[in-house]
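Novice: curious how this folds, go ahead:
(chains A, B, C and D)
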Number of protein chains: 2
Amino acid sequence: MAKAHKRDRRVTISDLAQAAGYSKTAVSFAFNDPGRISAKAFGIITETAKKIGYVPSPTARHLSLQRHQAIGLLLPQQVDTALQNPYIVHIIQGLGMACHDDTYTISLIPPIEESLSEAVRRAAVDGLITLGMHAEMRAVEVMEQRRIPFVTIDGIPSDMMPCVNSSDEQAAYDIMKLVLSFGHRTIAVVSIAGEGEPPKSYDRSVIELRMQGYLRALQEEGIPFDSPDLSIYEQECSLAGGAAAAHVIMKESCRPTVVVCMSDIMAIGCQLELLKLGIQVPDEISLVGHDDIDMASAVAPGITTVRQPGRMKGLVAAQMLLQLIAEAPLEQSRVTVPYSIIKRGSLCQRS
Amino acid sequence: MAKAHKRDRRVTISDLAQAAGYSKTAVSFAFNDPGRISAKAFGIITETAKKIGYVPSPTARHLSLQRHQAIGLLLPQQVDTALQNPYIVHIIQGLGMACHDDTYTISLIPPIEESLSEAVRRAAVDGLITLGMHAEMRAVEVMEQRRIPFVTIDGIPSDMMPCVNSSDEQAAYDIMKLVLSFGHRTIAVVSIAGEGEPPKSYDRSVIELRMQGYLRALQEEGIPFDSPDLSIYEQECSLAGGAAAAHVIMKESCRPTVVVCMSDIMAIGCQLELLKLGIQVPDEISLVGHDDIDMASAVAPGITTVRQPGRMKGLVAAQMLLQLIAEAPLEQSRVTVPYSIIKRGSLCQRS
DNA sequence: CTGAAAGCGCTTACAG
DNA sequence: CTGAAAGCGCTTACAG
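Specialist: Numbering: from 1, shown residues only, chains lettered A, B, ... in the order given. Prediction:
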């Protein structure tokens, strides 16, 4: 009676049990295990449910079952910033592919007031995918306290932390080797500027690995870190950052014949700006990038780049995570996903 | 004692209460309203919490508070497919911007076995953003049963359904007018093929509105729907679809001087293919698109297009949704976000 | 087949 | 300031 007043209350299992003339147990079975009640009970309950508009509360279910049917992606930055990075979008697509069959949902979890660990505390998910995590981070501690499994993409491998990486160092080495094989000896490298401390600088490790790869290849060719033929810049990872790089490079007294960018987005920004400035690409200045985003093949000339298998990484990471959630053993806790070098028009023989 | 065995159990509020020598009430206050307990109690409880690694269960909190601190985005397709559409990525970015301050999380909710309404049933969120919903859909019914507020982007306006749209008909009209003002009279329109019934064909309404806009402009110029100067194609909304359109168009006996594509992605695909086929763009064939995705300015020539304010729509929709969740009245329940026509090189005077 | 009851882990009105 | 207890809305072992 008291309850009947509140017209706007959500209808609960008790309402339905009462309306249908069965117990809550029976109602629950009707929705989750119909075989355990009579056909008659099932009929009455589902009919009544339809009539009074009963929908089981997911939250209550989650608490009861200790399961959310959701995984989270821990973002190093706010959602709008993070999704500007096509690589992250690719990763999400990969997660989606893995979640599809198991009808898991994906939560995007940005830091709360700069704090990833606070975000982890509040995340209502069965597991987390993290980007560029290393074992020392506070967020890891919270995940362990909460006993919530996680898989790291592009993290620093360490014990007990499943992760999927690609060989960033090797990939960078390979593309620099390619550049050198085209005869280039005056080289500009555009690295990615990290904005501050963790969590923002999540992929410092990747940046460092790529730089190491570049330098290793250069060294093999007799070009040391401090060679006058090598100039290294840091720019924001965006079209604008690439454009800025173009301007700085053009001011060099000893103009490079190739610009090696750590990301396609920068390479494209740089290329567009160079073209605007009337420079012939690739004839006067060649360019290479990293990631193989969609745009890399759309611009003219296309960007020679390393394909970062974002989708594949997301897919594999999510599959591993679902295994962990199911408490199944992992075949391997560190998987390395292959990259490939995509040759397009932006890199040519030094003229 | 019995509990103490299970080393792998998550530590709960009871564990902490016991360990700290206070009640669960006190523990709860320590985390949510420290002012209500003594400084001493607060100190002991937080200290002990740290020591035994207590993190409050978000799920239990959600059930108790009847609040998730999360909104969901109902996707018309699987995550990986949906995110191929940059417009949807933009919308998510907009949602992120609105959610940032209120520390709401975003859930990506794809249909479950083709069923959006099933997805809505299971969604553990405080509110939903839907794409292209109309009042008759089953999903709407479920949202109402669950009393969960929602805001529709690109939906068909109707009573009691808050929505944010842009004037698609007008935008399409405007760009076709622009095309006509450049002297074009032999025109190919490439529409978006809908793959089947709802939920897949979520944006049929948008497609229809754009088509209506095109036709209205054409009609004003004396080009009726069945004019021999007008050919209409349907293609998948992708680079490949655009490329396919290019081939079909080139086989026309009466070759058009302009291709009006309903999306940039198709326009770009078409342009790249035309260029490959040796056609001069825009001199031999001009092109226009729709959406102004990043790539539209990156290709050469740039695509003349209508900027779809995806980010803005997401932002506004999420702000409205948060209002509804807070049970605050909406200033207006139907907002129209402005578009703008972006002129680039792909459209020129008919030669 | 059916249902009373305990449990999931919190919050909070209420009484002291 | 402090705590016992009811409540959030489900699931499920258990007894009948």
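
Novice: what ranges does chain A have for its strands?
Specialist: Secondary structure of chain A (DSSP state E): strands at A:70-74, A:105-109, A:127-131, A:150-153, A:163-165, A:187-192, A:230-235, A:258-261, A:286-288, A:305-307, A:334-336, A:340-342.

Novice: and the ones you listed: which comes nearest residue B:191?
Specialist: Evaluated with Cβ to Cβ, those place strand A:105-109 nearest to residue B:191, the distance being 31.0 Å. Where C-beta positions appear, they are placed from N, C-alpha and C, glycine not excepted.

Novice: now do that closest one: which elements does it pack against?
Specialist: strand A:70-74, helix A:86-102, strand B:105-109 (3 or more Cβ pairs under 8 Å, 6 or more residues apart in numbering or on different chains; DSSP states H and E).

Novice: winner for burial among the ones you listed?
Specialist: strand A:70-74 (a mean of 26; mean count of other Cβ atoms under 10 Å in any protein chain shown).

Novice: show me what the mean pLDDT comes to for that strand.
Specialist: For strand A:70-74, the mean per-residue pLDDT is 97.

Novice: just stretch A:133-148 next, same as before
Specialist: For stretch A:133-148, the mean confidence score works out to 85.

Novice: tell me the contacts of residue A:122?
Specialist: A:112, B:58, B:69, B:105 (Cβ atoms under 8 Å, 6 or more residues apart in numbering or on different chains).

Novice: and the pLDDT at it?
Specialist: In the predicted model, residue A:122 carries a pLDDT score of 96.

Novice: ditto for residue A:297
Specialist: Residue-level confidence at residue A:297 comes out at 83, pLDDT.

Novice: same check, this time on residue A:2
Specialist: Per-residue confidence for residue A:2 comes out at a pLDDT of 32.

Novice: worst mean pLDDT among the helices and strands packed on strand A:105-109?
Specialist: Mean pLDDT is lowest for helix A:86-102 out of the helices and strands packed on strand A:105-109, coming in at a mean of 93.

Novice: what angle do that helix and helix B:86-102 make?
Specialist: Angle between the axes of helix A:86-102 and helix B:86-102 is 90 degrees (criterion: axes from the mean of the first three to the mean of the last three Cα atoms, to 10 degrees).

Novice: what angle separates helix A:86-102 from strand B:105-109?
Specialist: Using the same axes, to 10 degrees, helix A:86-102 lies at 60 degrees relative to strand B:105-109.

Novice: identify the residues contacting helix A:86-102?
Specialist: Contacts of helix A:86-102 with the rest of the structure, by Cβ under 8 Å, 6+ apart, involve A:69, A:71, A:73, A:75, A:82-83, A:105-106, A:108, A:129, A:131, A:153, A:265, A:291, A:293-295, A:308, A:310-319, A:322, B:78-80, B:82-84, B:89, B:108, B:110.

Novice: stretch A:238-247 too?
Specialist: By Cβ under 8 Å, 6+ apart, the list of residues contacting stretch A:238-247 from outside reads A:84, A:188, A:190, A:193, A:233, A:235-236, A:259, A:261, A:265-274, A:277, B:294.

Novice: what's the spacing between residue A:83 and chain B?
Specialist: For residue A:83, the distance to chain B (Cβ to the nearest Cβ, to the nearest Å) stands at 5 Å.

Novice: quick one: residue A:121 and residue A:143 touch, right?
Specialist: No. Applying Cβ atoms under 8 Å as the test, residue A:121 and residue A:143 come out as separate, 9.6 Å apart.

Novice: between the two, which one's more packed in?
Specialist: In this comparison of residue A:121 against residue A:143, neighbours counted by other Cβ atoms under 10 Å in any protein chain shown, the higher total goes to residue A:143 at 24 against 17.

Novice: who does the nearest residue to that one once chain neighbours are set aside form a beta bridge with?
Specialist: Spatial nearest neighbour of residue A:143, chain neighbours left out: residue A:150 (5.2 Å); criterion: Cβ to Cβ, 6 or more residues apart in numbering or on different chains. In this structure, residue A:150 has the following beta-bridge partners (DSSP bridges): residue A:128.

Novice: equivalent analysis for residue A:109, please.
Specialist: residue A:74.

Novice: what sits against it?
Specialist: A:72, A:73, A:74, A:75, A:119, A:120, A:123, A:125, A:128, B:105.

Novice: please identify which pair of these lies farthest apart.
Specialist: The largest separation in the contacts of residue A:109, counting by Cβ to Cβ, is between A:75 and A:125 at 13.2 Å.

Novice: next, count neighbours for residue A:232.
Specialist: Counted by other Cβ under 10 Å, the residues lying close to residue A:232 total 15.

Novice: likewise residue A:316?
Specialist: Per other Cβ under 10 Å, the neighbour tally for residue A:316 reads 19.

Novice: what of residue A:27?
Specialist: As a burial measure, the neighbour count of residue A:27 was computed by other Cβ under 10 Å and equals 27.

Novice: what does residue A:326 give?
Specialist: Residue crowding around residue A:326 was assessed by other Cβ under 10 Å; the count is 12.

Novice: same question for residue A:278.
Specialist: Here the number of neighbours of residue A:278 (other Cβ under 10 Å) works out to 7.

Novice: check the offset of stretch A:292-302 from the chain's centre.
Specialist: In terms of Cα atoms, centre = their mean, to the nearest Å, the centre of stretch A:292-302 is set 21 Å apart from its chain centre.

Novice: show residues contacting it.
Specialist: A:86-87, A:264-265, A:267-268, A:271-272, A:281-282, A:289, A:303, A:305-308, A:342, A:344-346, B:239, B:268, B:272, B:294-295, B:298-300.

Novice: filter those down to the buried ones and hand me the ChimeraX line.
Specialist: Buried subset of the contacts of stretch A:292-302, written as a ChimeraX selection, criterion 16 or more other Cβ atoms under 10 Å in any protein chain shown:
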select /A:86,87,264,265,267,268,271,272,281,282,289,303,305,306,307,308,342,344,346 /B:239,268,272,294,295,298,299,300
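
Novice: returning to that earlier point: now tabulate the contacts of residue A:109 in JSON lines and tack on distance to residue B:254.
Specialist: Output for the contacts of residue A:109, formatted as JSON lines (distance: Cβ to Cβ, whole Å):
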{"residue": "A:72", "distance to residue B:254": "55"}
{"residue": "A:73", "distance to residue B:254": "51"}
{"residue": "A:74", "distance to residue B:254": "56"}
{"residue": "A:75", "distance to residue B:254": "52"}
{"residue": "A:119", "distance to residue B:254": "59"}
{"residue": "A:120", "distance to residue B:254": "62"}
{"residue": "A:123", "distance to residue B:254": "59"}
{"residue": "A:125", "distance to residue B:254": "57"}
{"residue": "A:128", "distance to residue B:254": "58"}
{"residue": "B:105", "distance to residue B:254": "54"}
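
Novice: wait, isn't residue A:46 in contact with residue A:30?
Specialist: Yes. Between residue A:46 and residue A:30 there is a contact under Cβ under 8 Å: 6.1 Å.

Novice: quick one: which of those two has more around it?
Specialist: Here residue A:46 and residue A:30 are set side by side on neighbour count (other Cβ under 10 Å), and the busier one is residue A:30, at 22 against 17.

Novice: need the pLDDT of residue A:241.
Specialist: 89.

Novice: what's the separation between it and residue A:103?
Specialist: Residue A:241 sits at a distance of 39 Å from residue A:103 (criterion: Cβ to Cβ, to the nearest Å).

Novice: more neighbours: the two, which one.
Specialist: Between residue A:241 and residue A:103, residue A:241 has the larger neighbour count (other Cβ under 10 Å), namely 21 against 15.

Novice: smallest distance to DNA strand D belongs to which residue of the stretch 151-300 of chain A?
Specialist: Ranked by Cβ to the nearest atom of the strand, the top residue of the stretch 151-300 of chain A for proximity to DNA strand D is residue A:151, at 25.9 Å.
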